[in-house]
Each structure stands twice: as structure tokens, then as C-alpha cells.
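> I would like the atomic coordinates for the input below:
(2 chains)
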Amino acid sequence: MSNVLLDVRNLRTEFVTQDGVVHAVNGVTFQVDEGETLGLVGESGSGKSVSMLTVMRLIPMPPGRIPSGEVVFQGQDLLKLSNEEMRQVRGNKVAMVFQDPMTSLNPVLTIGTQITEALELHMGMNKDQARKRAVELLKMVNIPEAERRLDDYPHQFSGGMRQRVMIAMGLSCSPQLLIADEPTTALDVTIQAQITDIVKRLKHELGMAIIWITHDLGVIAGLADRINVMYSGYIVETAHTKELFANPLHPYTVGLLGSIPRLDQGKKEKLTPIEGLPPDLVNLPTGCPFYDRCTFRTQKCLEENPPLMSVGVKHWSACWNYEAVREKRDEILRRTVAQPVAA
Amino acid sequence: MTTPVQTPDATSALPPTQTDANNQALLQVRGLKKYFPITQGILFQKKVADVKAVDGVSFDVYPGETLGLVGESGCGKSTTGRTILQLYRPTEGQVVFRGKDLAQLKSEDLRKMRSDMQMIFQDPYASLNPRMTVGDIVAEPLEVHNIVKGKEKKDRVQELLQIVGLNPYFINRYPHEFSGGQRQRIGIARALAVNPDFIVCDEPISALDVSIQAQIINLLEELQERFGLTYLFIAHDLSVVRHISDRVAVMYLGKIVELTDSKTLYENPLHPYTRALLSAVPIPDPLIEEKRERIILVGDVPSPVNPPKGCRFHTRCPLAIPICKEVAPEWRDVGNGHFVECHVV
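This next block holds a predicted model:
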């Protein structure tokens, strides 16, 4: 077995607002091994981005606060580090790529300046070395005429190219862990294919671990080794990718799979949406947060929030009725299971 | 519900006559162009170039069908939808709705026609006036078109809210009190208010969360069945378009490059761009993803100000041959209403 790189234990993040305390992340525990790709899947407000921003210590406090939790990275609890010590980790050993390439680059600085900044700061390079490395990095993410493009400003790049620049910046200090927050969501599918292709290649070449945040089950199916499904600040199911898609055992995961149309399926089958809306994060129910929208719910779900329970080989689900889900799932997902794949 | 394709002569730039025996299309678009001028100068503005957002598209929409219009951002699919509804006046070409060319209509006649054609917008946060109550928003088209008044109007609004799956007692609430999916339902109720036959759906679900998207797709399908609606469904998500459409048109840089029924498009795509686009769409199944071969296109979409000479796709096309750089391919029928614009296939 490979070594554990990141060990997150019982992490909670809250925001104090006028309307009350928003419980964004409610005690998540998971690990990432060296060289592994972990997918973090969930809808807006499920806490996937906030949990990762907490790992990076990028939550503004106040209004944010972290009432409990440990984020152990290479034996060090990142939450206990001073700001100065954290700066040595952030961008250096753990890097993050953000969703929106249009707003996360500084419009008044050249691409070159923005890439070399981290290199000079973290790697102690001088200007020439840093520039040389920046050219290498841009070439690595397939930017043509890399040398000339270093002196261009972000507005001279297309969306896909900006996202590639962001990835190059993320990789600049050869981090052991790259956190990618919906890096392809703002992009077109053909550009998305370019980016996932680059990331797959680089992961192989550089041997780093990746946490890939997304709401798109399609993208993650081809990328991740393991997946955490999040809902209203909880991890509700976690398993290896193939196991999760073949054998989903949480009603929310089943619901997600049932509600997306697939390219390899025709028009006939009706989608099975998840009715209703996610709960208000200010007033979370005492029982299961998915109760209101769940078709498998029982009295117990209303009273007690289920913890993650082992339901298979390295497969955990936070559902009291996972056996019922196992039985009825194929009926709900008939469209995804029985249909042959189009050529 | 597959609409028989009557081999419409889509290459013809002439207005189809009403005596045409095969003519049963609800909407006929012929050689539609929309250019946006780029101007320079402050006081005396002069035109220096055009953004050729839509550059000659032709297609028919048949009653009761859903025609999907897909393409990447900037390919002109939204502009096409808006130009059809005359929200932009076309630079060139015809939009014939029930035998009348909308581009030629005077604004008063056009306004009357609008009760037959409606639009559902992409962004449910920007397309509802935050200062109007839901009741006023849905009632506005009823007032504009003088359809019902007073108590009847209120009843109609409540009925509409019920039709789209909202509580009819919500009429005094404001848009900010609703979630994205609920707001999109309000937008749909507003479009339905005037009993239209034809609705342009401009990316109606792309701003919504995955679990909510399916709710809206199902609602649109139910409404189509119930009221016999015809949709032009604009989207960038090919999986959604395949699910909802009877026929699909693929756009690239202001032109339609391929048009056929959705089964054929997905099982037997002919245009190299369609193939690349389809291969790039991820499928939520790791076993399939493992085995798939992707066609990765190089580079980005060229600027619509200066589209490439010859075939517009030749700069990124894996199959390009010398002629593609020189001559624009013709829009031709390869059989069974399968249209494609390519030299190679």
C-alpha cells in the first residue's frame, strides 16, 4: 500500500452570518494516498470547495471558523501552523487550481510575472532561472510559442489557455498534492478534453496526488481512482471509482446517476430527478440531511443522522437503509445498467 | 416522436412558397446572417469590421418536434435563437414562421406574432426582474397581449404556476425568495402564459445543479406533450441535447456543419467536428471511459471577425485536405435528411 499523504479528520467549517451560523462542512474524514487521484463530487453548497479551502487555510476568519478537525499533511497538522509556516506549504507542497480562469489571474500583470513569482518566492530562483522554468511549464501544458507568450497579459489568452496557465502555475513548485477546484467547469467540452488529457499525462509524469472537485460525474469517471460524494457538508458515500459507479449504495448517489442524461443513451428513457431542494445549511436537520428528498427514508432517518458505514470492500455509505438501496437501485437505474453501450 | 423529414431544400436561399406541397414546417430559416459591427471613433463612429456571429444558416423546424442546436461558446447558437425571435434584427436572410417572414414584419405586427413564439432564458437570476412579484412577472405577457384581466388574470397566473410545479400561493413573493430551479420554473410559466406554439429554450438548465436539471428537463418534456409545443433547444451539453431532441444541428463558428435526427447524429456522425465534439463528452461510467479513444482537437475556435478561408474548421480538422483551405464546402444532403457541410465525408 502506498503512504498516506493527506489525512483529514473530523473537519468542520462554519461561517457566522447575519442569518445565523452556516454549517458548510460538518465533520469530514478522509485520506489521500501519494500519487492518488481523489474525486470530490457534490452540488453547489455541498461543502466540497469549502473543505478544500480549509485544507489550504484560505478561509477568511472571521466570518469563517474551524471548530474542530485536523488536516495532517506529511505528518504536520496544517491547521496548527503559523501563517508564515503555512506560506511555505501553500503553493509549494500543496497547490490549488481554481474554477474560474477569467478571474483568478491578475489582469494587470503579465503571465510571466505571475508564474515566476512563486518560483522566486518558494524555490529561491533568480529571474533568469525562473523565466526558463516558466517556459518549460508553459510547454508542459501545451501552450504554443511559450517564450513569446510569457510577456502577454491574461486578456490575450483564451479561456482554455488561461486554465492551462493556472495549471502551470499550480505545478510550478512540483507540489505533492494538487487541488483542482472545478478546473474545467467554465470550459467547452473540446477544451475540457484537452485539459483532462494534460492533467492525466502530468499526473503520470510527476507522480503527484490530485484532489479533483467537480459536480460532473462524467468527468470524474475517467479521472479519479477514488470518489467522495458530498451532500450538505457531509461525505455520504466513498468508494473506488469503478465500485461507486457499479454499486452505488447511497440514495443521493443513486439519484445523481439517475438524473443525468447520458450520451450513450437515447431519448426514450425518462430521467429520474431528485425531487426537492438541499436543506438550509443554517438549520440542518438532526437526522439525515437527505431525508426530505429520499425515497428510501424511514423513521430512524428522521431521528438519527447515519455515520459512514462499511458496506463493501473499501466502500462506505452514510445510509441506514443501504440494503434497501442495493435491492431497489437497479430498478431506478435501469436506464444506466441494462442498456448496451452505443458504438 | 420522430418527425418525418421531408427533404427540405435547405440550400435554397429563396423563400419557400406556400404552395410547396412538402411544406409543413412551422419555422423555416433561410440563409440567416447576423453581423455585429465593430466601430471605431468617438463622435464619428465608423465601422471597421464585423463579428460574424451567424453567417448563413438554414434549417426547418417541424410542429411538435424539438430541434437541438449545439456548439461551443461563441459559435453563434444563442444569437441564432435570438435572431429567429427578432430580438436581434437579422443582417440577411429569412425567418418564415407560419408563412410570414418575420424579418419583414413591422414592429406592431411582430409584437402580435410574439404571442406564438416565446423564449426561456439561460440565467434564471438575471432574467427575472427582482422588483416584481412572481405574479406580476407571469402576468406581464397576459397584459401586454391583452389576453385576460382582473380576477381571470389572477386565476390564470395561479394555474400557470401550478402547471410548472410551483405553489400557486407564491404569487406575492419576489424572485430572490426562490432557488435557481424554482426561478427557472417561473421563467417557463411566463413563457407559457400566452399559449405559444414555439419556444426557444436558450440553455435553460446550464445554470442549474445536476439534480435540479433533471426536474426541468422532465418538466419541459411534459409541457411539450401536454400543449403540443415545438422547441428550439439551444445547449452546449450534448448529453442533454441527445436526451431531449428529435433532430440536432451542430454549429461551428457561425455555421451549421451537420444536421440530422438525433439517433443518427450520435451513432453515425459524419462531420469531423461532430465526431470530435462527441468523443470529448465524458460518460459517467469508468469502464467505458477507460476504453474510449478521444479525438483531441488542437487549439481554440478562431475569431468570428476573421473566420478562416475555405472550410471554417480546417485549422483544427484532423482530416483536412488542401481543398479545405481554399473552397468552402457546400451544405448537402447525404440521404434521409442528413445534412453535412464537409469536403471529406
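
> Quick one: the helices in the stretch 201-345 of chain B, in order.
B:210-227, B:238-244, B:262-267, B:272-280, B:286-291, B:322-326 (DSSP state H, counting those that start in this stretch).

> Can you name the residues that contact the residue lying farthest from the centre of chain A?
The C-alpha centroid of chain A is most remote from A:Asp128, which lies 34.7 Å away (CA atoms, centre = their mean). Not one residue lies near A:Asp128 by CB atoms under 8 Å, 6 or more residues apart in numbering or on different chains. For glycine as for every other residue, the C-beta is placed from the backbone atoms N, C-alpha and C.

> That one is in what secondary structure piece?
helix A:127-140 (DSSP states H and E).

> chain center to that helix, what's the gap?
28 Å (CA atoms, centre = their mean, to the nearest Å).

> In three-state terms, label the residue most central in space within chain A for me.
Residue closest to the mean C-alpha point of chain A, counted by CA atoms, centre = their mean, is A:Ile213 at 1.7 Å. Secondary structure, DSSP: H, G, I helix; E, B strand; the rest coil: A:Ile213 is strand.

> Surely it and A:Ile179 touch.
Yes - using CB atoms under 8 Å, A:Ile213 is in contact with A:Ile179, at 7.4 Å.

> who touches both of those two?
A:Met52.

> burial measure for B:Pro304, as a count.
21 (other CB atoms under 10 Å in any protein chain shown).

> Let me see the ranges of the helices in chain A.
A:48-55, A:83-89, A:111-123, A:127-140, A:146-149, A:159-171, A:189-206, A:217-221, A:241-246, A:251-259, A:299-303, A:322-332, A:334-337 (DSSP state H).

> Considering those helices, which stretch scores lowest in mean pLDDT?
Sorting those by mean pLDDT places helix A:334-337 lowest, at a mean of 50.

> what's the spacing between B:Val334 and chain A?
Counting by CB to the nearest CB, to the nearest Å, the gap from B:Val334 to chain A is 19 Å.

> Ramachandran angles for that residue?
Dihedral angles of B:Val334 (phi, psi; degrees, to the nearest 10) stand at phi -100, psi 10.

> didn't it look like it was pressed against B:Cys342?
No - shown here, B:Val334 and B:Cys342 do not form a contact pair, counting by CB under 8 Å, at 9.7 Å.

> Need the residues touching each of those two.
By the contact definition CB under 8 Å, 6+ apart, B:Val334 and B:Cys342 are jointly contacted by B:Leu270.

> Return the residues of the stretch 201-343 of chain A in contact with chain B.
Selection of the stretch 201-343 of chain A residues close to chain B by CB under 8 Å from any CB of the partner chain yields A:215-219, A:221-222, A:241-242, A:245-246, A:255-267, A:270-275, A:277, A:336, A:341-343.

> Make a PyMOL selection of whichever of these turn out to be buried.
Here is the PyMOL command that picks out the buried ones among those, judged by 16 or more other CB atoms under 10 Å in any protein chain shown:
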select buried, chain A and resi 215+216+217+218+219+221+222+241+242+245+255+256+257+258+259+260+261+262+263+264+265+266+267+271+272+273+274+277+336+342
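
> Can you give me the distance of the closest residue to A:Thr185 other than its chain neighbours to A:Pro307?
Nearest residue to A:Thr185, sequence neighbours excluded (CB to CB, 6 or more residues apart in numbering or on different chains): A:Gln99, at 5.7 Å. Distance, A:Gln99 to A:Pro307, by CB to CB, to the nearest Å: 31 Å.

> Which one's more surrounded, the two?
The neighbour count for A:Gln99 versus A:Pro307, taken as other CB under 10 Å, is higher for A:Gln99 (19 against 11).

> Could you double-check that that one lies in contact with A:Glu182?
Yes - applying CB under 8 Å, one finds A:Gln99 in contact with A:Glu182, separated by 4.1 Å.

> so what's A:Val72 up against?
Counting by CB under 8 Å, 6+ apart, A:Val72 touches A:6-9, A:78.

> packing partners for the lengthiest strand in chain B?
The longest strand of chain B (DSSP state E) is strand B:46-61. Other helices and strands packing on strand B:46-61, by 3 or more CB pairs under 8 Å, 6 or more residues apart in numbering or on different chains; DSSP states H and E, are strand B:27-40, helix B:77-84, strand B:92-97, strand B:247-252, strand B:255-261.

> if we go to 6 Å?
In terms of contacts (3 or more CB pairs under 6 Å, 6 or more residues apart in numbering or on different chains; DSSP states H and E), strand B:46-61 is packed against strand B:27-40, helix B:77-84.

> Name every strand pairing with the longest one and say which way it goes.
Think strand B:27-40. Strand B:27-40 has these partner strands in its sheet, going by DSSP bridges: strand B:46-61 (antiparallel), strand B:92-97 (antiparallel).

> Render the CA-only coordinates of the shortest one in PDB, please.
Included here for strand B:92-97 are C-alpha records, laid out as PDB according to Å, rounded to 0.1, in the frame of the first residue of the first chain:
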ATOM      1  CA  GLU B  92     -29.600  39.000 -44.100                       C
ATOM      2  CA  GLY B  93     -31.900  36.000 -44.700                       C
ATOM      3  CA  GLN B  94     -35.400  35.000 -43.900                       C
ATOM      4  CA  VAL B  95     -37.200  33.600 -40.800                       C
ATOM      5  CA  VAL B  96     -40.500  32.300 -42.100                       C
ATOM      6  CA  PHE B  97     -42.900  31.500 -39.300                       C
END
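
> buried stuff in it?
B:93-97.

> What number of residues are in the vicinity of residue 46?
Just so you know, I chose chain A. Neighbour tally, A:Ser46, other CB under 10 Å: 28.

> nope, chain B please
Using other CB under 10 Å, the number of residues around B:Lys46 comes to 8.

> Do I have it right that B:Gln94 meets B:Gln28?
No - between B:Gln94 and B:Gln28 there is no contact under CB atoms under 6 Å: 7.3 Å.

> Would you enumerate the residues in contact with the closest residue in space to A:Glu303 that isn't next to it in sequence?
In this structure, A:Glu303 finds its nearest non-sequential neighbour in A:Gly287, 5.6 Å apart by CB to CB, 6+ apart. Contacts here follow CB atoms under 6 Å, 6 or more residues apart in numbering or on different chains; on that basis A:Gly287 touches A:301-303, A:305.

> just to revisit the earlier point, take the strands paired with strand B:27-40 and write them to TSV, including mean pLDDT.
Putting those into TSV (pLDDT from 0 to 100) gives the following:
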stretch	mean pLDDT
strand B:46-61	90
strand B:92-97	93
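
> For the buried residues of strand B:92-97, name the two members farthest from one another.
Farthest apart among those by CB to CB are B:Gly93 and B:Phe97. That separation is 13.4 Å.

> quick one: which of the contacts of A:Gly287 is most hemmed in?
A:Cys301 (21 neighbours).

> Could you pull up the residues touching that one?
Going by CB under 6 Å, 6+ apart, A:Cys301 touches A:287-288, A:291, A:320.

> now do 8 Å
A:287-288, A:291, A:294, A:320-321.

> Likewise for B:Ser127?
B:121, B:187.

> ok, now how distant is B:Lys153 from B:Arg183?
For B:Lys153 relative to B:Arg183 (CB to CB), the value is 21 Å.

> higher neighbour count, these two?
B:Arg183 (24 against 17).

> Got phi/psi on that one?
According to degrees, to the nearest 10, B:Arg183 has phi -60, psi -40.

> Surely it and B:Leu128 touch.
Yes - B:Arg183 lies in contact with B:Leu128 (CB under 8 Å); the separation is 5.9 Å.
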